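Asks: Attaching a predicted model along with its sequence, questions to come.
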Number of protein chains: 2
Amino acid sequence: MPGPHTLVETERRVDERLGQLDIDFTSMAVVSNLFRAANAVRNHLERTVLAEHDLSWTGFVVLWVTWIWEPIETRQIAVEGGFSKATLTGVLSTLEGRGWLAREKSQSDGRLVLVRMTPAGRDLMETLFPAFNEQERHVASPVDPAKRGELAEMLRVVTVNVEKQS
Amino acid sequence: MPGPHTLVETERRVDERLGQLDIDFTSMAVVSNLFRAANAVRNHLERTVLAEHDLSWTGFVVLWVTWIWEPIETRQIAVEGGFSKATLTGVLSTLEGRGWLAREKSQSDGRLVLVRMTPAGRDLMETLFPAFNEQERHVASPVDPAKRGELAEMLRVVTVNVEKQS
DNA sequence: GGGATATTGTTAGGATGCGAACAACCTACA
DNA sequence: TGTAGGTTGTTCGCATCCTAACAATATCCC
């Protein structure tokens, strides 16, 4: 872990405690830095663009997915956004209450609920998403432009691999 | 966002909605994949190694930091682990209740609390951490071994850059 | 047709994490 | 010395997100 201590010092201390066992410090750094980055980026985005509109990270994702793919079934929003359907129910109600999107029962399957943006929701996204993307640009900015695609791809294969067996 | 749809199709739809504005899709993919990866990895680690010991991710981090740096001040644990001191108070009480570590008032500064591992805590970490690291290895495994250090470094600079101005 | 099984969105309950307020303690400075 | 202001850990209230249970609906298969 980075933090106030150096990686070298951390490795030395792990070795002191585990002696013979061989530890993969590079993988350890990947996992640890992955979490630090995700938390830091989430906090940053929530405090910059999202807080102005009183939106949580999840709320924004729901808006974004709906904006791009409307009309969309709620179960698809959950998959696309990566959260549970129970979480989605609450967030959807909040966003619907604010007049940014609307639920609608499916004609062909009575169990399904379709979601559409309202005009107010589209207005919001037309200013919010460019501002959000500007912050995404800022987040990725310290990485060599030629390596950013590679970074995204490495994160993708990590996700796919980990989700494979569960 | 990857999900069921292709990146190309997503880009086309964003363009449909924003026309002239130029969006940085690579940065968008970096941020989006960062969150998907962090969530997937966290779930994986919690379900494999951590669930057996009824440990949350945060609980494990606290144990790990303490194990490596004991005796350590609680404020340092919070910084090192990347969570708030309020969160730490509760987690520390849980771990102390299970007999894995112990609080101790600082002699030199009455406000500070020092934390040490108990022998039972050390026993736990001597088996838990190698198992955890094996899963970290699995997480990083789909990335070219020669590129893993680069991945960790990119995540680190992203974190540092984003935390800089807050 | 019609009952067993599966799927969907919602609800209820619990776990987790944060910011704000607070009491105890330390430090600086007049 | 003593008082104002900063720091630390804890408590409290709140938001978020998950799993499990449930009712409504659809599908399968005899």
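Replies: Looks like it arrived, so ask away.
Asks: Phi, psi for A:Lys105 please.
Replies: Dihedral pair for A:Lys105: phi -70, psi 140, per degrees, to the nearest 10.
Asks: per the record, what domains does chain A have?
Replies: Recorded structural domains for chain A (assignment: automatic domain parsing) are A:1-53, A:55-140.
Asks: Mind picking out the helix or strand in chain A with the poorest mean pLDDT?
Replies: Counting by mean pLDDT, DSSP states H and E, chain A has its least confident helix or strand at helix A:7-18, which shows a mean of 88.
Asks: Break down chain A into its helices, ranges please.
Replies: With DSSP state H as the criterion, chain A has helices at A:7-18, A:25-45, A:57-69, A:74-81, A:85-97, A:119-140, A:148-164.
Asks: how about TSV for these, with distance to DNA strand C and mean neighbour count added?
Replies: Where you see a C-beta, it was placed from the backbone N, CA and C, and this is true even at glycine. Written out in TSV, the entries for the helices of chain A read as follows (distance: least, CB to the nearest atom of the strand, whole Å; neighbours: other CB atoms under 10 Å in any protein chain shown):
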stretch	distance to DNA strand C	mean neighbour count
helix A:7-18	21	14
helix A:25-45	7	22
helix A:57-69	11	22
helix A:74-81	3	19
helix A:85-97	3	15
helix A:119-140	17	18
helix A:148-164	17	19
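Asks: could those helices be laid out in TSV, adding distance to DNA strand D?
Replies: As requested, the helices of chain A are arranged in TSV below (distance: least, CB to the nearest atom of the strand, whole Å):
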stretch	distance to DNA strand D
helix A:7-18	21
helix A:25-45	9
helix A:57-69	3
helix A:74-81	8
helix A:85-97	3
helix A:119-140	16
helix A:148-164	13
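Asks: Of those helices, which is nearest B:Asp123?
Replies: Between B:Asp123 and the helices of chain A, the shortest separation by CB to CB is 11.5 Å, and it involves helix A:7-18.
Asks: So what touches that closest one?
Replies: Contact with helix A:7-18 is made by A:Met1, A:Ile23, A:Phe25, A:Ala29, B:Trp67, B:Ile68, B:Trp69, B:Arg122, B:Met125, B:Glu126, B:Phe129, B:Pro130, as judged by CB atoms under 8 Å, 6 or more residues apart in numbering or on different chains.
Asks: I'd say A:Gly81 and A:Thr58 touch.
Replies: Yes. If you go by CB atoms under 8 Å, A:Gly81 and A:Thr58 touch, sitting 7.0 Å apart.
Asks: one step back: same list, the helices of chain A, but as CSV with distance to B:Val14 please.
Replies: Listed next are the helices of chain A as CSV, based on distance: least, CB to CB, whole Å:
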stretch, distance to B:Val14
helix A:7-18, 39
helix A:25-45, 18
helix A:57-69, 7
helix A:74-81, 14
helix A:85-97, 20
helix A:119-140, 8
helix A:148-164, 16
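Asks: Which of those sits closest to B:Gly99?
Replies: B:Gly99 lies closest to helix A:7-18 among the helices of chain A, at 18.9 Å (CB to CB).
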